[in-house]
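Enquirer: Just a sequence and a predicted model for now, questions to come.
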Amino acid sequence: MIDVHAHFAGEGYSFPEEWERIRAAGVTSVILAGDTVAHSAWHKEFAENHEGAFFTAGVHPSELENLPRDWLQEIEMLARHPKCVAIGEIGLDYHYENTDKGAQKAAFLAQLELADRLSLPVQIHSRDCAADMLALLKEHAALLKHGFLMHCYSHGKEMLGAFAALGGYFSFGGTVCFKNGRRTVESALACPEERLLTETDSPYLSPFRGEKNSPANIPVIMRRLAEVRGADEEQIKTAVRRNAERLFPKIKECGPCGP
């Protein structure tokens, strides 16, 4: 099983115990998502020292204040590492008041251009910005030819087809287990099997309310997705692994990491 989007840097996990727990749960691959230059670098070091760990490099739209002048060059250096599987997480987040939408779009586009130049896919953060996100991706579709992930997809089944038409993949996590997660469940059901992925967004969005999340919860999410879709759990596991290796080919290139 695979977690395509988790955060370890600065989140207070105890290693190696947590990594051992994750592996014991049957999770053989974890992609650690960058949200700042520093966290991307921390994840690089972790991936270098742990079989089955990979990382992305990028700056989150809510982390744009006080960026060093050479931040994009630093992201590029990290992204050239053999275990960096994507640029991310990048995108738009209009959740907070006084958001500088222009600055977010400029940083997003700069990182999309970097991903295209390096022939890497992107992991996209998209919150409360559905129309702008879709419009921007359509306008710059030429930069998406290496694929993209709508991480923790939240824009509803009505828009899923439009993102899929641009080549999007969709990852679902703990929210699919929430009692009030109807929209997420509907999206998970509508998602084409060949675009379906699993994530935790650890330490956030645990399927168990009030608990710190972990990639060790991927089996819980996998079972819920199989239930929602009326599918065999092994079928979902096989599809997710195949999809992950298609979108993030470096996972396969770095050697076998288990079933």
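Expert: On my side now, so go ahead.

Enquirer: could you give the mean pLDDT of the strand ranked longest in the chain?
Expert: When the chain is parsed with DSSP state E, its longest strand is strand 84-93. Across strand 84-93, pLDDT averages out at 98.

Enquirer: Tell me the neighbouring strands of that strand, and mark each as parallel or antiparallel.
Expert: The strands beside strand 84-93 in its sheet (DSSP bridges) come out as strand 53-57 (parallel), strand 122-127 (parallel).

Enquirer: Just put those in TSV and tack on mean neighbour count.
Expert: In this view, the C-beta of every residue, glycine as well, is placed from N, C-alpha and C. Putting the strands paired with strand 84-93 into TSV (neighbours: other CB atoms under 10 Å) gives the following:
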stretch	mean neighbour count
strand 53-57	29
strand 122-127	25
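
Enquirer: Turn the ones you listed into a markdown table, including distance to G88 and mean pLDDT.
Expert: Compiled in a markdown table, these are given as follows (distance: least, CB to CB, whole Å; pLDDT from 0 to 100):
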| stretch | distance to G88 | mean pLDDT |
| --- | --- | --- |
| strand 53-57 | 4 | 98 |
| strand 122-127 | 3 | 97 |
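
Enquirer: Kindly reformat the ones you listed as CSV and extend each row with distance to L196.
Expert: CSV is the format used below for the strands paired with strand 84-93 (distance: least, CB to CB, whole Å):
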stretch, distance to L196
strand 53-57, 19
strand 122-127, 15
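
Enquirer: To I2, which of those lies closest?
Expert: In terms of CB to CB, the element of the strands paired with strand 84-93 nearest to I2 is strand 53-57, at 9.6 Å.

Enquirer: Could you check how far the helix or strand following the closest one is from the centre of its chain?
Expert: Counting by DSSP states H and E, the element after strand 53-57 in chain order, helix or strand, is helix 71-79. In terms of CA atoms, centre = their mean, to the nearest Å, the centre of helix 71-79 is set 18 Å apart from its chain centre.

Enquirer: report the angle between the axes of helix 71-79 and strand 53-57?
Expert: Direction vectors for helix 71-79 and strand 53-57, defined by axes from the mean of the first three to the mean of the last three CA atoms, to 10 degrees, enclose an angle of 160 degrees.

Enquirer: residues in contact with helix 71-79?
Expert: 34, 37, 40-41, 44, 55, 57-59, 68, 84, 87, 110-111, 114-115, 118, 120 (CB atoms under 8 Å, 6 or more residues apart in numbering).

Enquirer: Just the buried ones from those, in ChimeraX syntax?
Expert: In ChimeraX, this line selects whichever of the contacts of helix 71-79 come out buried by 16 or more other CB atoms under 10 Å:
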select :34,37,40,41,44,55,57,58,59,84,87,111,114,115,118,120
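
Enquirer: Much appreciated, bye for now.
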